[in-house]
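Student: Below: sequence and its predicted model.
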Amino acid sequence: MPPVGFIYIVPLGCHDMNDLETIALGVEEQFEIETRLLENKGPPDFAYDPLRTQYNSNLILKRLLETAPPDALKVLGVTDFDLFSPIFSYVFGEAQFNGKCAVISSFRLRGVPEGGERLHCPPLLDRLEKEAVHELGHTFGLRHCSDSDCVMSYSKGVQCADRKFGVFCSACRDLLFWYMAGNPVP
Ligand SMILES: [Zn+2]
Ligand SMILES: [Zn+2]
């Protein structure tokens, strides 16, 4: 039996709604769970760290959990702002392992801009979609995968992110649906 509830995508600050709809479709396809887009909640000012001039992803996860709709199976925050986790200088995203919430940022995924059009450089949406599936994979209990083609493989940089595919390898996919069926995550 598939899990009950929806995956919600929550824009945090400016983000192209068409891009978010593309991400929502990709997520829905990978997890086979209805995915809904919520209204923009605005920049995550509550998580701003003036010393680091970055946004604390732990605080964003906490807020997403507190404000999750009652029928949310998972909540994914998407932002343009630069995220950090206290032990890392920056993160592409962060997830509550086997939990409810994840957040991703396009900030570090832009890479070197070519021709000045930063927001809509073709690989950005592709990278963001992979990062969305990857972090949501963690919320379902999936760990990093040693198959470098798999969306659950660990990306050290955007080049690694470009190399892998946006889909689960067969082992991760089997595990994902095994966990979704209610089997315990070790
Ligand atoms: Zn990861
Ligand atoms: Zn895998």
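Tutor: In hand now; what should we look at? Keep in mind that what you see is a predicted model, and the values were worked out from it rather than measured. Ligands and ions are numbered 1, 2, ... in the order given.
Student: which parts of this structure sit against ligand 2?
Tutor: Within the chain, the positions adjacent to ligand 2 are C145, D147, C150, M152, C169, C172 by CB under 5 Å from the ion. From N, CA and C alone the C-beta is placed, and that goes for glycine too.
Student: from these, which single one is nearest F92?
Tutor: F92 has its nearest neighbour among the residues of the chain next to ligand 2 in M152, at 13.6 Å by CB to CB.
Student: does the closest one count as helix, strand or coil?
Tutor: Three-state call for M152 (DSSP: H, G, I helix; E, B strand; the rest coil): coil.
Student: host element of the closest residue to it other than its chain neighbours?
Tutor: In space, and not counting its chain neighbours, M152 is closest to C145: 3.9 Å by CB to CB, 6 or more residues apart in numbering. Assigned by DSSP states H and E, C145 belongs to neither a helix nor a strand.
Student: do the same with S148
Tutor: Assessed by DSSP H and E, S148 sits outside every helix and strand.
Student: Hmm, it is touching R163, no?
Tutor: Yes: with contact defined as CB atoms under 8 Å, S148 reaches R163; the gap is 6.7 Å.
Student: about what we covered before: okay if I get the residues of the chain next to ligand 2 as CSV plus pLDDT?
Tutor: As requested, the residues of the chain next to ligand 2 are exported to CSV (pLDDT from 0 to 100):
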residue, pLDDT
C145, 96
D147, 94
C150, 95
M152, 96
C169, 97
C172, 98
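Student: Filter the residues you listed down to the buried ones, PyMOL style.
Tutor: Entered in PyMOL, the line below selects the buried ones among those, by 16 or more other CB atoms under 10 Å:
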select buried, resi 145+150+152+169+172
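Student: I'd like the distance from the helix or strand bottoming out on mean pLDDT in the chain to the chain centre, please.
Tutor: When the helices and strands of the chain are scored by mean pLDDT, DSSP states H and E, helix 158-163 comes last with a mean of 75. Centroid separation for helix 158-163 versus its chain: 15 Å, with CA atoms, centre = their mean, to the nearest Å.
Student: for that helix, which positions count as buried?
Tutor: V158, A161.
Student: Need the contact partners of that helix.
Tutor: 92, 108-109, 111, 123, 126-127, 130-131, 148-149, 153-155 (CB atoms under 8 Å, 6 or more residues apart in numbering).
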